[in-house]
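Student: I need the structure of the sequence given here:
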Amino acid sequence: MFMETNGKKQAVNIVVLDGHCANPGDLSWDGFKELGSLTVYERTKPEEVVERAKDAQIVLVNKVSMKADIIAQLPQLKYIGVLATGFNHIDVKAAQEHGVTVCNIPSYSTYSVAQMVFASIFTITNRVEHYAQQTREGQWSKRSDFCYWDTPLLELAGKTMGIVGLGNIGMKVARIAREFGMEVYAYTSKNSVDLPSGIQKTTLDGLFSVSDILSLHCPLSERTRELIKADNLRKMKHGAILINTGRGPLVNEADVAAALESGQLAAYGADVMCSEPPAADNPLLKQPNAFITPHIAWATVEARSRLMNIALNNVRCFLEGAAQNVVNC
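Tutor: Coordinates of the predicted model:
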């Protein structure tokens with residue numbers, strides 16, 4: 001396909017700067033090849049971005065930063081496609097000023113992330129991996145009784161699930177929690193009258209005070225950065241469980257580690273960290289009740305397939321003059 005750049009029609013040049021995580025080889029980029037010349041880099045260092053993207057009209061990124069100084073050095077650039085939902089690593093204002101359209105991929109991972117929320121919860125409440133390992137090690141075989149356990153086992157029914165943010169994922173988590181017989185409270189911008197039956201709106205302090213399990217599903221912004229820190233942790237029920245599949249910086253990790261140490265938090269289940277990968281001396285990594293997975297909630301093959309299909313359709317719609325999922329209108 002062709003598009004106009006600086007008054008001239010040119011063949012579309014598409015560059016993927018960090019394609020490995022979205023497609024480590026089990027999916028296909030072939031659809032993009034039908035739209036233009038395609039170059040896929042598995043990973044790109046910050047100092048390599050300009051050189052690799054300088055001739056591209058279309059750039060696709062997952063986590064590569066596209067800030068104002070970078071965008072200013074790419075006069076050919078017309079489109080940035082984010083291979084994710086979050087786009088805080090893109091300077092959308094600078095992109096708009098340079099006539100660059102930015103599109104993201106909403107809703108592709110709703111089911112997978114909600115699944116991970118409850119996988120983390122069950123890791124904490126049922127300790128399946130712990131008992132499977134104990135059985136492999138022969139611990140069950142040594143027992144006199146038909147069963148044994150050496151950790152508390154908790155039932156979700158009757159517990160209170162608190163949810164910060166009722167977007168697609170937060171709402172899915174709320175509905176699943178209801179199916180498990182949980183009471184559900186939410187801190188949300190939505191009006192109470194617009195919430196489904198069984199989901200009660202409350203204040204943030206109210207949410208801290210009632211939640212047996214608190215799950216974070218709000219975007220990262222200056223308002224929500226370190227939403228969970230020492231003073232708010234003290235407002236939570238003693239022994240509450242905290243789940244974070246949103247963004248690492250929604251919490252102050254040192255404060256969460258301290259709350260685990262003191263018992264104020266019974267457990268922390270997180271699929272995201274402030275720095276990814278985390279530093280080896282991160283205090284959370286030393287806490288036995290911190291159950292941390294390496295940012296994989298979004299990475300099921302089904303979710304990544306949806307991501308790739310939506311990313312392809314985003315580019316196609318842009319080239320046809322009907323851009324969708326635009327975040328810098």
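Student: Now the terminal residues of stretch 203-214, how far apart.
Tutor: End-to-end span of stretch 203-214 (Cα to Cα, to the nearest Å): 13 Å.
Student: For it, which residues meet the burial criterion?
Tutor: For stretch 203-214, burial by neighbour count (16 or more other Cβ atoms under 10 Å) applies to 207, 208, 209, 210, 211, 212, 213, 214. C-beta: built from backbone N, CA, C; applies to glycine.
Student: Could you export these as JSON lines, including pLDDT and distance to residue 243?
Tutor: Shown next, in JSON lines, are those (pLDDT from 0 to 100; distance: Cβ to Cβ, whole Å):
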{"residue": "207", "pLDDT": "98", "distance to residue 243": "13"}
{"residue": "208", "pLDDT": "98", "distance to residue 243": "14"}
{"residue": "209", "pLDDT": "98", "distance to residue 243": "17"}
{"residue": "210", "pLDDT": "98", "distance to residue 243": "16"}
{"residue": "211", "pLDDT": "98", "distance to residue 243": "10"}
{"residue": "212", "pLDDT": "98", "distance to residue 243": "11"}
{"residue": "213", "pLDDT": "98", "distance to residue 243": "7"}
{"residue": "214", "pLDDT": "98", "distance to residue 243": "7"}
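Student: In helices only, show me these.
Tutor: 207, 208, 209, 210 (DSSP state H).
Student: quick one: which of those residues is nearest residue 81?
Tutor: Closest approach between those and residue 81, by Cβ to Cβ: residue 207, at 35.2 Å.
Student: Next, give me the two most distant ones among the buried residues of stretch 203-214.
Tutor: Pairwise distances across the buried residues of stretch 203-214 (Cβ to Cβ) peak at 13.6 Å, for the pair 209 and 213.
Student: re the thing from before, kindly reformat the buried residues of stretch 203-214 as CSV containing distance to residue 304.
Tutor: As requested, the buried residues of stretch 203-214 are exported to CSV (distance: Cβ to Cβ, whole Å):
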residue, distance to residue 304
207, 32
208, 35
209, 38
210, 36
211, 31
212, 33
213, 28
214, 28
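Student: could you pull out the strands for the stretch 101-250 of the chain?
Tutor: In order along the chain, the stretch 101-250 of the chain carries the following strands (DSSP state E, counting those that start in this stretch): 101-103, 160-164, 183-187, 199-201, 213-216, 240-244.
Student: between the second one and strand 183-187, how big is the angle?
Tutor: Put plainly, it is strand 160-164. Between strand 160-164 and strand 183-187, the angle comes out at 20 degrees (axes from the mean of the first three to the mean of the last three Cα atoms, to 10 degrees).
Student: Summarise which helices and strands strand 160-164 is packed against.
Tutor: Under the contact criterion of 3 or more Cβ pairs under 8 Å, 6 or more residues apart in numbering; DSSP states H and E, strand 160-164 touches helix 168-179, strand 183-187, helix 204-210, strand 213-216.
Student: Longest helix in the protein, please.
Tutor: Ranked by residue count, the top helix of the chain under DSSP H comes out as helix 301-319.
Student: same for that helix, what does it pack against?
Tutor: helix 30-33, strand 58-61, strand 79-82, strand 101-103, helix 110-125.
Student: Mean pLDDT added to the ones you listed, as a markdown table?
Tutor: Shown next, in a markdown table, are those (pLDDT from 0 to 100):
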| stretch | mean pLDDT |
| --- | --- |
| helix 30-33 | 97 |
| strand 58-61 | 98 |
| strand 79-82 | 98 |
| strand 101-103 | 98 |
| helix 110-125 | 98 |
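Student: quick one, which of the ones you listed is nearest to residue 141?
Tutor: Across the helices and strands packed on helix 301-319, closest to residue 141 is helix 110-125 (Cβ to Cβ), at 23.9 Å.
Student: How about residues contacting the closest one?
Tutor: For helix 110-125, contacts defined as Cβ atoms under 8 Å, 6 or more residues apart in numbering pick out 128-129, 153-156, 168-169, 172-173, 176, 213, 215, 241, 243, 245, 266-267, 269-271, 289, 291, 293, 296-300, 302-303.
Student: show me where pLDDT drops low in this protein?
Tutor: Counting by pLDDT under 70, the ranges of the chain that qualify are 1-10.
Student: What are the buried residues along stretch 22-31?
Tutor: 22, 23, 29.
Student: now do stretch 184-204
Tutor: Per 16+ other Cβ under 10 Å, stretch 184-204 contains these buried residues: 184, 185, 186, 187, 188, 195, 199, 201, 202.
Student: Stretch 63-72 too?
Tutor: Quick answer for stretch 63-72 (16+ other Cβ under 10 Å): 63, 64, 66, 70, 71.
Student: what's the third one in contact with, if anything?
Tutor: Residues in contact with residue 66, defined by Cβ under 8 Å, 6+ apart, are 49, 59, 80, 89, 90, 91, 95.
Student: isn't the last one right up against residue 80?
Tutor: Pointing back at residue 95 there. Yes - here residue 95 reaches residue 80: they are 6.1 Å apart, a contact under Cβ atoms under 8 Å.
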